[in-house]
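# The following comprises the amino acid sequence and a computationally predicted model.
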Amino acid sequence: MSTLRHSQSARSPPHTPQHQLRSNNNSFASNSSGSTYRVEEDAIIFELGARWLRAGFEGESEPKCIVGFGPEESRRVGDYRGWLRGTAAEQETPTQSATPEDWTRPYELWNMDLRDVDLGLVEDKIERAVREAYNKYLLTDAGLARLVLVLPSVMPHPLLSSVLTTLFVRWRFPSITLLNTPAMATTAAGLRSALVVDIGWAETVVTGVYEYREVATKRTTRAMKALIQETGRLITQITDGKSQPGDTLSVDFEYCEEVASRFLWCKPSQGQDTLAEISDKTVSIPSPSDPGSSYIDLPFSKLTEPVERVLFARDMADSDLDDEEKPLPLVVYNTLVSLLPDARGICMSRIVFMGGGANIAGVRRRVLNEVGLLVKQYGWSPVRGKVIDRNIQKLHDLKLSHPAAPNYDTAREHTDSDSSASEDGYETADEPDTEIDPIEQKLQRVRDKEAVPIVQGILREVETLGPWAGASLVTNLKVRGVVEIEREKYLQQGLAGATRDWDHSHKDTKDSSAHSQIPDRRSGLRSGGDRSSWTLAGWG
Amino acid sequence: MSRPFPYAYISCPCANTPAPDPSRKRRSRESPQKASPEKPRPELQLDDEEDEQTFDPRAPRSNFSLYPPEQLLYCEDCHQIKCPRCITEEILCWYCPNCLFETPSSMVRSEGNRCARNCFNCPACTAPLSVTTLENRGGDQSGPWVLSCGYCMWTTLDIGIKFDKPTNIRAQLAKMTTEPSMPAIHTRQVSKTFGDLKSPLSMYSSIDDQLPPVDGSRPDNEDQPSDTSIPRTRNARFAALKTFYKDQVAATTTSGVDPGDFGASFSSPNTLHRIMSIYTATRITALYGNGNKKARNRPPVMREAVSANEGLALPKPSSETAIIQRMASDDCGWDGLASLEQRAFQSPDARFVEDLLPLPSLLRTKRSKRCKSCKHILVKPEFKPSSTRYRIRLIALSYIPLATMRPLILPPTTSASLPSLSSAAAPNLDALTPQRPIQLLLTLKNHMFDPVRITLATPSVTPGRVASKVTILCPQFDIGANSDVWDEALQSATAPDRSSRTSPYEKVAEAGKVWDKGRNWTTVVLEVVPGSLPGLKLKAYKGVGDDDNDDDDDDSDENEGALDWSGKSKDPAQQIQPDEDVLDIPVFVRMEWNSDSQIDPEEGIGSGKGLGGDSVKRELAYWMVLGVGRIES
């Protein structure tokens, strides 16, 4: 009772010294500490990916910290070799050559292929990363506040179980809300529907998000992991002086990542030689064998080759590519094709890039241009072949109104996309009124005052603040997530306790890939009114 | 390991007791079938027969459970070692490590967990920055001030920032870098100062403006006077989005109909209508005039952001090209681009070194630590940031014996009888010769006030591919209590023959016998035969039995050649992995002692059977890893 009065009196005047508060919680009985007051309000947001953990508070625009999962973070406590970098001791040990897979494996937290993932190790790494994030950067007592976890929308259950178990067992989080990355990226772009191109670590995931719901997903392995491996190959080749790249990489991973993050760039698509004057430039990068002191010169155009080869599958025929290794523009195009025409019109003018690969200068532009070219070439028909081409040619000869794809839906959409895709794709849509009707015009004017026209049917890129910021926004709005896992229930039941019949109502409308992620305050209550059950929604 | 050899690490026992979880049980039952047959996973076996399994110091997981003994705590209630994983922490105070000022808990968050005063770290090299004046003529400290790094000579002039006052730098910097989003006039002023200062600060979207030097940016800004109200920094955009969403939520919920809620009720005509209207609203309402009226009655749909003021950002078509051109330009180069490390705490859009801003120092915390299972306080420091004292500190070293090692240097006289142990000098622990036995003295020092009985166990061959043979010559011994120091002094006075240990050259290590013993310590001998590294197996070790040192050197040179050669021909997995050449010996330590039950009478009843009337038998067991050295390749 006395403590209660104490703390209240301490809180009411804002300038009361904090010592009183603190002396309050020094008493052994109260288990709370001074930081309780702020964490009650603010949820902690973690975004967990294959390489990094981003952590911060809700309502902030950027995460407080980004913690990696590399070998430096996996050292024993008290092993300070990471600090010897650049000294003589470091240079004595040469980097050993490794296969590309082994070369990147120490740096990733998980691999979606769980056959050779040690889940215990994943748990250990997560535990350490989260602890470090709390102790060094968040500076708040761990586990008191609600946790919001931003995860990729497809997670193997053992992995998800590992993550949740680690967090629940190690700390006292009252509940963990799961949000999926594409929807959050959409939110952070200020949109409700978008085509999210996540150029991530292991794979590039292109997700059509329509009204915050995932409606189509396509993946390709052409992503940052392959890109850094390719950079490693390039540099290994330079150091070895061989013409043919070998099977193993003998350069330092971190050095390659540094090169990749600093200097990799992407050529604009062919025919647009806006950067012709810099293609013969050279840049000097630190020598891979001796990064401390000497430099090697590389033609700047060489530094675009890994991007060309990996992300855009240059020099490879389309027919040689497997289903999971299609180049980026094709995957984007295919995802758009697989969307329903309405959703396609909305999504194609809301293309959102995220992930590490989106930082490579020129990639976004290039992808958009090439998608535009594909659209121009094929329209929205997935049907290809010589016969089709001939038919199109025939139709062309018949001088139909447009050199159009056969089953294109709205003429309006098409004209827009056609014209804009060939140029920049950065114009806002205008209402193409063909015939001038004064009443229509008047109505239009009235309408324009209150409603803003929906931009659709053109290829357009929208910038996002990233999924972390999206989750921060959503959480800050006090929106309740569909997947809210409570501590007690999880500890009793594990993942098996999740109910799966939640999206019965969607079964007829969408296939199983539909993600019932609605950031909405009432959605949690809608699960049959049964508050005791919880769901994994799209993760289930 | 970077610790100097030899070292000792202790594995916290919490690693062996995974959290009970229903789904995990199910999983571990399933996974053995999935596991690839050629690579059985050791953890699974560990689950099945926990204590039977030898601790493998080289397993990737063990890095997370091994701690230097001085970092471990001990819970007196649970009688268990506590590592950072099995404690909970509570923050007592926040302070800046630079100025040691304490930040009150209510301010920590608003200051972004960083020092609000003048403490900054260099964005280029992370050294602390100091506030210096530009003109110190006449000795009067006036004029513009800058932050400068004493290590890498970076100053805020590099990014075009000067300060008017030497105090409250953080607020000044914030005023310069963040852009007030609301009043347009202010923004214009700020952007003007930007231009004057020639600083492209952290604004990604403004890079393209500023790139074709500063003159290029001016007309751009003037072309679009409305631009000034458009949020440009990430923070401003985020704030714009936040207000936009708040407004939308407020606007849509007062009307009583769920925004975006067509998950459950497709039956509701209202929802259906809205779904329809998403696409056709413009058309239908235009055609049928009354639709307009209806639309007004209908609850508004939560819409997306459509203008830049609401947080929508459309990248400029030239922005990426501008970045590429800047990357390729001659004055940028490798050093003009920010490294990954430098970008870690900067805005995600910072790409060039000129985009980097000085970072206010991160605050640090003093934390008290509690046992996770019984909630007893293990560590409680003083509250004052400047004080280094502790009120409570239960470190493990006062409860478990401290293990130290040193190589046993054999007297030169024995070399004739034992040719294999011929090196008269101390063996170089950083380059142990494979297959040549060395002897180490392992000393365990007891810090408890009770005598302890120790049992050591070690696998005869270390796990992993580099199989070293290990023998503890005396695995079971007693250590005396940490009694009064005078006791020993008096004891040695009565027994002068103890001083014979000053000349250990006459001794020979014998199996089953303690090497030496003192008041609260005991030394035993450990004999180790370092295994040979993979890739070197083909090589015959001629030098092993040889006394000639020169011959040894030749051998090692040849060995290196052999390794290189094999490295090229073989699979890389066959080569030595990093740190595989470190000779780590897992040792299982079991200690037993009779503790005075008067210390904690309650525990004595519950936890064990008292031997006498007033003492309780206790035991503690854990794995320890002794790092002997690195095997020479």
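On my side now, so go ahead.

# contacting residues for the residue of the stretch 251-400 of chain B found nearest chain A?
Residue nearest to chain A within the stretch 251-400 of chain B (C-beta to the nearest C-beta): B:Ala305, separated by 3.0 Å. Glycine gets a C-beta too; all of them are placed from N, C-alpha and C. Counting by C-beta atoms under 8 Å, 6 or more residues apart in numbering or on different chains, B:Ala305 touches A:Ala189, A:Gly190, A:Leu191, B:Leu241, B:Phe244, B:Gly311, B:Leu312.

# Find me the pLDDT at it, would you?
B:Ala305 is assigned a predicted lDDT (pLDDT) of 81.

# ok, now the one 4 residues further on?
According to the per-residue confidence, B:Asn309 scores 81 in pLDDT.

# Among the contacts of B:Ala305, which one has the most neighbours?
Counting neighbours by other C-beta atoms under 10 Å in any protein chain shown, the top entry in the contacts of B:Ala305 is A:Ala189, with 31 neighbours.

# you'd agree it is up against A:Glu463?
Yes. Assessed by C-beta atoms under 8 Å, A:Ala189 is found in contact with A:Glu463 at 6.5 Å.

# any shared contact partners between those two?
A:Val352, B:Ala313.

# in the host helix or strand of B:Ser595, what's buried?
Taking DSSP states H and E as the definition, one finds B:Ser595 inside strand B:582-596. By neighbour count with 16 or more other C-beta atoms under 10 Å in any protein chain shown, strand B:582-596 contains the buried residues B:Val582, B:Leu583, B:Asp584, B:Ile585, B:Pro586, B:Val587, B:Phe588, B:Val589, B:Met591, B:Trp593, B:Asn594, B:Ser595.

# Could you give the bridge partners of the last one?
Each beta-bridge partner of B:Ser595 is listed here: B:Val616, as defined by DSSP bridges.

# ok, it - contacts?
B:Ser595 is in contact with B:Met448, B:Asp450, B:Ser615, B:Val616, B:Arg618, counting by C-beta under 8 Å, 6+ apart.

# Neighbour-wise, give me the winner out of the residues you listed.
Top of these by neighbour count (other C-beta under 10 Å): B:Val616, with 24 neighbours.

# Same list (the contacts of B:Ser595) but as JSON lines, adding pLDDT.
JSON lines is the format used below for the contacts of B:Ser595 (pLDDT from 0 to 100):
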{"residue": "B:Met448", "pLDDT": "86"}
{"residue": "B:Asp450", "pLDDT": "86"}
{"residue": "B:Ser615", "pLDDT": "74"}
{"residue": "B:Val616", "pLDDT": "82"}
{"residue": "B:Arg618", "pLDDT": "87"}
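
# Go through those residues and name the one nearest chain A.
The closest of these to chain A turns out to be B:Met448 (C-beta to the nearest C-beta; 23.7 Å).

# Double-check that closest one against B:Ala396; I have them as touching.
No. The criterion here is C-beta under 8 Å, and B:Met448 misses it with B:Ala396 at 11.4 Å.

# residue ranges of the strands in chain A, please?
A:44-48, A:52-57, A:65-68, A:147-151, A:175-180, A:194-199, A:204-210, A:213-220, A:282-286, A:295-299, A:351-354, A:461-462, A:483-486 (DSSP state E).

# Could you dump these into TSV and include distance to chain B, mean pLDDT and mean neighbour count?
Converted to TSV, the strands of chain A look like this (distance: least, C-beta to the nearest C-beta, whole Å; pLDDT from 0 to 100; neighbours: other C-beta atoms under 10 Å in any protein chain shown):
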stretch	distance to chain B	mean pLDDT	mean neighbour count
strand A:44-48	12	92	26
strand A:52-57	7	92	23
strand A:65-68	6	90	21
strand A:147-151	15	92	23
strand A:175-180	14	91	24
strand A:194-199	9	93	28
strand A:204-210	10	93	27
strand A:213-220	9	91	23
strand A:282-286	5	84	17
strand A:295-299	7	86	14
strand A:351-354	9	92	24
strand A:461-462	6	91	22
strand A:483-486	12	88	20
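
# ok, for B:Trp334, nearest residue in space, not its chain neighbours?
In space, and not counting its chain neighbours, B:Trp334 is closest to A:Ile285: 5.4 Å by C-beta to C-beta, 6 or more residues apart in numbering or on different chains.

# Who is that neighbour paired with across the strands?
A:Ile296.

# ok, it - contacts?
Contacts of A:Ile285 by C-beta under 8 Å, 6+ apart are A:Val259, A:Arg262, A:Phe263, A:Tyr295, A:Ile296, A:Leu298, B:Trp334.

# Mind picking the two most distant members of these?
Pairwise distances across the contacts of A:Ile285 peak at 14.3 Å for A:Arg262 and A:Ile296 (criterion: C-beta to C-beta).
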